[in-house]
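# got a sequence here, can you model it:
(one chain, ligands or ions: 1)
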Amino acid sequence: MTDTFKYKLASTYRTLDINGTKLLKVRKLVRDCKMDLPWGDEKTVKFVTNVGLITSNGPDGHNIQAAEWTHHVSYSPGLIAVCLGKDRTTRENILATKEFGVSLAAADQNIMSSVAGGSHGKDVDKIKALEELGFKFYKAKKINTLMVEGAALNAECKVVNVIELGDHTMFVGEVQEATAGKKEPLVYHGLKFWKLGEAITKPAVSELGKIKSTVEKFRKAG
Ligand SMILES: Cc1cc2nc3c(=O)[nH]c(=O)nc-3n(C[C@H](O)[C@H](O)[C@H](O)COP(=O)(O)O)c2cc1C
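Below you'll find the model as predicted:
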């Protein structure tokens, strides 16, 4: 039984005690209940993601958190979305300031990613800790945050949309300034950090021809 289901069942019982239609409502609830995809579940860990190092500066001061749910979502305008849990210090900072930095972790920034994702900015000055560990930051040009030196990509964002999605909040940021670094991005998969491996070679020309003609065979009319 998933946590969402248990919660819905418990709250349904509470309300049903008042109106007396207990059985019917519980049956409907069982029928309608969707699946959770919990952290660490064998299905959840199939995704392959980047590690966004999200920088912010708000009521809790300068901060950094790791966010694998960091996505490029529009070319024009350039938009990047980050999904943050409700208890994140970064979330509070961004709600207050409406801006955030995205430094996509480079392949050699796994330790930085662990530190950024290992405690809350309310409790720990992660920027100072990282500086003491030898990592460097620079001041963003268009927003009032720090950015990570040596990242695969640095993008300074102003919030254009805040969307509550289940147990996370999505912040969509419009990119004000961006620079690509020389290093490859760090990969996150199966709760581990990885380096990019070999590119898969394209099929031979004869195979490509066969694939193309098969697709053409099923082109819809009009
Ligand atoms: C590799 C990695 C990826 C993570 N991805 C996310 C994510 O996408 N969204 C999120 O809210 N938290 C994510 N976390 C957890 C946060 O980084 C963690 O809760 C952190 O302590 C939040 O910091 P803050 O409270 O200072 O903002 C991730 C952690 C790690 C190590």
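# give me the neighbour count for the closest residue in space to L79 that isn't next to it in sequence.
Among residues not flanking L79 along the chain, V73 sits closest, at 4.9 Å (C-beta to C-beta, 6 or more residues apart in numbering). Any C-beta I mention is one placed from the backbone N, CA and C, and that applies to glycine too. Residues lying near V73 (other C-beta atoms under 10 Å) number 12.
# ok, V160 next?
Number of residues near V160 (other C-beta under 10 Å) recorded here: 13.
# got a pLDDT number for it?
V160 carries a pLDDT value of 98.
# surely it forms part of a strand?
Yes. Under DSSP: H, G, I helix; E, B strand; the rest coil, V160 falls within a strand.
# for the protein, which residue gets nearest to the ligand?
Closest to the ligand within the chain is G117: 2.5 Å, counting by C-beta to the nearest ligand atom.
# quick one: contacts for that residue?
Taking C-beta atoms under 8 Å, 6 or more residues apart in numbering, we find G117 in contact with 65-66.
# coming back round to it: any buried residues in the strand or helix carrying the residue nearest to L79, and which?
Per DSSP states H and E, V73 falls inside strand 70-74. Applying a neighbour-count criterion of 16 or more other C-beta atoms under 10 Å, one finds 70-71 buried in strand 70-74.
# shouldn't L165 be in contact with C83?
Yes. Using C-beta atoms under 8 Å, L165 is in contact with C83, at 6.6 Å.
# before we move on, the earlier item: show me what contacts the residue nearest to L79?
Contacts for V73 (C-beta under 8 Å, 6+ apart) come out as 79-81, 172.
# quick check: phi and psi on K128?
With angles defined as degrees, to the nearest 10, K128 sits at phi -60, psi -40.
# how far away is it from K136?
To K136, K128 is 13 Å away according to C-beta to C-beta, to the nearest Å.
# ok, and the closest non-adjacent residue to the residue positioned nearest the centre of the chain?
The centre of the chain sits closest to W69, judged by C-alpha atoms, centre = their mean, with a distance of 1.2 Å. Excluding its sequence neighbours, the residue lying closest to W69 (C-beta to C-beta, 6+ apart) is C83, at 3.8 Å.
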